[in-house]
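> pasting a predicted model and its sequence here:
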Amino acid sequence: LHGVSVEHFVPVTFEPFKINFRTNPYTVISPKSGLPKNVNITSGKFHNEGLGNEQNQHGYEGVTMTVMVDRPVKFTIGKCKFTDIATVSVDGGAPTDIKTSIDEDCDSQTSYDKYVTYIYEGTENAVLKFSLGKYCPYFFAEEWSGVQYDEATKTYSVAAGNAAQLKDAISAANATGDVTIYLPNGTYDLGSDVNTVIQANNIAIIGESRDGVIIKNSPKEEGLDKTATLKNTSTGLYLQDVTILCYAPYDASTAAERGVALWDCGTKTICKNVYLKGKQDTYYSNGAEGMISYFEGGKIEGAVDFICGSGNVLFNSVTLNVIATEHTQSGGCIAAPSTYSSENGYVFANCLVTAAGSQKDTYYLARGWQNSPAALFVLTKFAANPSSTYWGDNINALTSRRFAAYNTGAQNDPEAKIGRAVQQECRDR
């Protein structure tokens with residue numbers, strides 16, 4: 001299908017590449033010039049070849065390929081619900097199995113969230129032969145940064161500020177789960193990368209200090225589902241002592257600057273002393289109905305709906321900071337729940353609310369988004385009062401919403417306006 005036969009391979013310098021097998025013919029995402037000389041696809045055909053469809057979710061059938069390497073390389077293989085296993089052999093040796101089947105729906109035709117990684121750690125010239133199983137949606141090969149791993153503690157230790165190692169550590173952790181990624185102080189700039197996915201269960205990302213460890217990205221456009229710095233689809237993700245930042249550009253056509261620092265599609269997520277920074281939709285929860293997450297300490301900030309989505313999420317002793325941006329100087333909103341009727345929604349307990357000067361007396365505690373939105377503020381102190389109406393107008397037409405505040409007060413004066421009025425007047429019916 002492409003390239004020369006393996007018999008004619010001569011040592012070449014490894015070049016990274018990305019192939020999308022879900023189009024007919026397959027698409028070389030990178031490099032733009034086509035597959036490099038170190039790659040040779042020897043067999044495979046498009047799923048449902050000849051039926052008139054030009055794309056699908058499952059990709060090619062029966063792909064075999066050889067890749068010439070001369071350094072450590074990370075291979076990313078898309079998973080599929082209807083495939084079996086892939087194999088790889090090095091220089092004609094015994095094949096190693098790579099499980100590529102999943103018990104859930106496949107990726108969409110344009111997403112790259114469900115995959116397995118294989119790491120080749122050699123430094124000499126070698127030929128790797130891959131058989132990619134019944135179906136393969138996509139296949140990537142990138143240079144491996146060599147992040148350090150301690151088998152005894154199951155910990156990846158990333159070099160300070162090394163974003164490539166952070167991404168490689170996440171990819172490696174996604175292959176096994178049950179590991180820790182340790183980040184020393186530094187800024188880990190993911191560039192324009194979005195939705196860096198954490199998919200294996202029980203992964204911990206722990207920083208040296210909250211304000212010293214910054215994970216950031218710079219999306220090229222705003223949007224709820226195309227900007228996230230980190231996207232979690234796992235069970236049991238644990239984040240501690242890190243700052244996660246996403247500033248998306250303002251789009252005049254949508255009048256929005258949605259940029260998600262943490263997109264939480266998983267469950268049993270714990271964030272301890274984590275700082276989420278953004279402008280709009282900073283924390284977005286939308287896992288399966290009934291998902292649970294827990295925040296302890298730390299800080300979340302934004303101007304508009306900076307905590308939004310569904311699920312049961314407890315925010316315990318978190319600082320909620322309403323900032324002012326160029327396009328939202330006042331009238332901001334903390335939460336925009338889209339709670340399912342079976343869920344309890346967002347509970348803010350023992351929290352502290354702060355606000356920029358121009359947001360004082362104008363911002364809202366919450367407004368309804370979808371479904372049966374629920375938000376409760378309890379034992380929460382306010383360094384800056386919200387709007388006298390407390391709750392904002394719903395984003396969409398809703399028949400009900402479950403909003404209330406109990407035993408709240410000004411930060412230093414529990415008898416101030418907010419202490420009396422929220423308790424007495426802020427329950428929606």
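Everything's here; your move.

> list the buried residues in the one helix or strand residue 307 maps to.
Take DSSP states H and E as the rule and residue 307 turns out to sit in strand 304-309. For strand 304-309, the buried set under the neighbour-count rule, 16 or more other C-beta atoms under 10 Å, comprises 304, 305, 306, 307, 308, 309. Where you see a C-beta, it was placed from the backbone N, CA and C, and this is true even at glycine.

> before we move on, what about stretch 255-268?
256-268.

> mind exporting that stretch as PDB, just the C-alpha atoms?
Output of stretch 255-268 as PDB, limited to C-alpha atoms (Å, rounded to 0.1, in the frame of the first residue of the first chain):
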ATOM      1  CA  ALA A 255     -19.800  36.200  22.400                       C
ATOM      2  CA  ALA A 256     -18.000  33.600  24.500                       C
ATOM      3  CA  GLU A 257     -14.500  32.700  25.700                       C
ATOM      4  CA  ARG A 258     -15.100  29.200  26.900                       C
ATOM      5  CA  GLY A 259     -11.800  27.500  27.900                       C
ATOM      6  CA  VAL A 260     -11.900  24.400  30.100                       C
ATOM      7  CA  ALA A 261      -9.000  23.700  32.500                       C
ATOM      8  CA  LEU A 262     -10.400  20.300  33.700                       C
ATOM      9  CA  TRP A 263     -13.100  18.500  31.700                       C
ATOM     10  CA  ASP A 264     -14.300  15.800  34.100                       C
ATOM     11  CA  CYS A 265     -16.100  13.000  32.300                       C
ATOM     12  CA  GLY A 266     -15.000  10.300  34.800                       C
ATOM     13  CA  THR A 267     -16.100   9.600  38.300                       C
ATOM     14  CA  LYS A 268     -14.600   9.500  41.800                       C
END
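
> please name the nearest non-neighbouring residue to residue 267.
residue 291 (4.2 Å; C-beta to C-beta, 6 or more residues apart in numbering).

> check contacts around that neighbour.
Contacts for residue 291 (C-beta atoms under 8 Å, 6 or more residues apart in numbering) come out as 264, 266, 267, 285, 310, 311, 312.

> wasn't residue 166 part of a strand?
No: assigned with DSSP: H, G, I helix; E, B strand; the rest coil, residue 166 falls outside any strand and is helix.

> that one contacts residue 158, correct?
Yes: the criterion here is C-beta atoms under 8 Å, and residue 166 meets it with residue 158 at 5.2 Å.

> overlap in contacts of these two?
With C-beta under 8 Å, 6+ apart as the test, residue 166 and residue 158 both reach 147, 181, 183, 188.

> of the residues you listed, which is the most crowded?
Within these, most neighbours by other C-beta atoms under 10 Å means residue 183, with 27 neighbours.

> can you pull the contacts of that residue?
Counted by C-beta under 8 Å, 6+ apart, residue 183 has contacts 158, 166, 205, 206, 207, 208, 213, 215, 242.

> ok, residue 166 next?
Contacts of residue 166 (C-beta under 8 Å, 6+ apart): 147, 158, 181, 183, 188, 190, 215.

> no further questions, thank you.
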